[in-house]
Every structure is written in structure tokens, then in C-alpha cells.
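Student: here's a sequence, model it:
(one chain, ligands or ions: 1)
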Amino acid sequence: MNTITGRRLQESAEATSRRWIVIGLVYFVAAVSLGVVMGASHDFRLKAVHVHANLLGWVSMVLMGLVYRLYPSAAASRLAGWHFALYQLALPVMLGGLAALMLGQPGAEPLVGIASVVMLAAVVCFALAVWLGGGRSVVHFGQSQTAA
Ligand code: HEM
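Tutor: Next comes the predicted model:
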């Protein structure tokens, strides 16, 4: 890989990684706020929304952002684009549907079902992007890193 291409790849991976982390932070603030509201009101009906916003919104997004930083070729792949689009579409629909379901709207169930399948497709795209396009990690633990 020549230096220019390598640098472009790094910059693109950095942008992808940052996008996931910034959106994850938004979900983190929202999910923890919901936790505080649930605790204060003793109304735990939205517990499933709190849990999924924390785990799929915050924990998973930040982890995926960090994985893309480690594997720049995966971050630059078309699968990574599909991963982002499908995930960002599925999660708010899933959380909204779950909220409606938990607040007594059984009609929201198909919405949650469809969003969950789209979410699964997004997760498979991520896994394939890393498996097929990951290549070598740019971080080699236990070895000294040389400056670019
Ligand atoms: C200030 C921060 C947070 C507050 C105030 C909060 C509040 C709550 C409340 C009130 C419940 C319901 C407990 C019950 O049903 O008795 C809950 C459940 C839960 N929260 Fe949080 N939470 C916070 C942060 C987090 C974070 C960061 C995560 C994960 C990354 C998380 C994961 C969970 C899980 C998995 C449950 C379900 C536990 C169970 O049903 O056994 N929470 N939280």
C-alpha cells in the first residue's frame, strides 16, 4: 500500500469511527436520561428501551467505531456503508416500536419485528466487513508504534 493511499484510508477510517462514536454518545445521554427518569418516577415500563438504547446505541456503536479504527480497510468497504445505513435506520424504529409496545400498543409489534431483522442485517454487514475486508489491524499490541 503506498503512503498516500494509506493516509487516505486512515483518514476515512477515522471519519467513519468518529461518526459511530458521536452518534453513540447521543444514545448514551438519552439512555442514561431515561434511566434517571425511570428511577425517579418508579415507572419501569420503558426498561427495555433504556437497555437497548444503552447496549445497541451506546456500547455497540462505540465498539464498532473503535473496531473500524483498528481495521481501516473494513471501514472503507461498501459493506461498512450498508452497515451504517441499515443500523441507523433500524435502531430508532426499533426503540420507538419497543416504547409503543411497552406503553400498551400491541400494534407496534410488527414494526419492532421488521426493525429487528434490519438490525440483524446491519450486524451481519459489519461482521462481513471486518471478516472479509479487515486485513491486518493497524495497532500491534506489545510492539512500539512508529510515527507516520
Ligand atoms: C445514570 C445511569 C443509569 C441509570 C439511572 C439507570 C437506571 C436504570 C433503572 C431504573 C433500571 C430498571 C431497574 C428495575 O427494573 O428495577 C435499569 C435497568 C437496566 N439498565 Fe440502567 N441505568 C443507567 C445506566 C445504564 C447503563 C450505562 C447500562 C448499560 C450499558 C444500563 C443497563 C441496564 C440494564 C441491562 C438493565 C436491566 C436490568 C434488569 O432488568 O435486570 N443502565 N437501569
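
Student: the nearest residue to S77 once chain neighbours are set aside and the ligand: what is the separation?
Tutor: Using Cβ to Cβ, 6 or more residues apart in numbering and skipping the chain neighbours, the partner closest in space to S77 is G133 (4.2 Å). Using the backbone N, CA and C atoms, a C-beta is placed for each residue, glycine as well. Distance of G133 to the ligand, given as Cβ to the nearest ligand atom, to the nearest Å: 28 Å.

Student: give me every residue that touches G133.
Tutor: 71, 73-74, 76-77, 79-80 (Cβ atoms under 8 Å, 6 or more residues apart in numbering).

Student: how about those residues in TSV, adding distance to the ligand and neighbour count?
Tutor: Below are the contacts of G133 laid out as TSV (distance: Cβ to the nearest ligand atom, whole Å; neighbours: other Cβ atoms under 10 Å):
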residue	distance to the ligand	neighbour count
Y71	24	22
S73	29	20
A74	24	24
A76	29	18
S77	28	20
L79	26	18
A80	24	25
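
Student: filter the residues you listed down to the ones in helices?
Tutor: 73-74, 79-80 (DSSP state H).

Student: quick one: list the elements packing against the longest helix belonging to the chain.
Tutor: Looking across the chain with DSSP H, the single longest helix is helix 3-41. For helix 3-41, the elements it packs on are helix 47-52, helix 60-70, helix 72-75, helix 78-102, judged by 3 or more Cβ pairs under 8 Å, 6 or more residues apart in numbering; DSSP states H and E.

Student: try 6 Å
Tutor: With contacts defined as 3 or more Cβ pairs under 6 Å, 6 or more residues apart in numbering; DSSP states H and E, the packing partners of helix 3-41 are helix 47-52, helix 60-70, helix 72-75.
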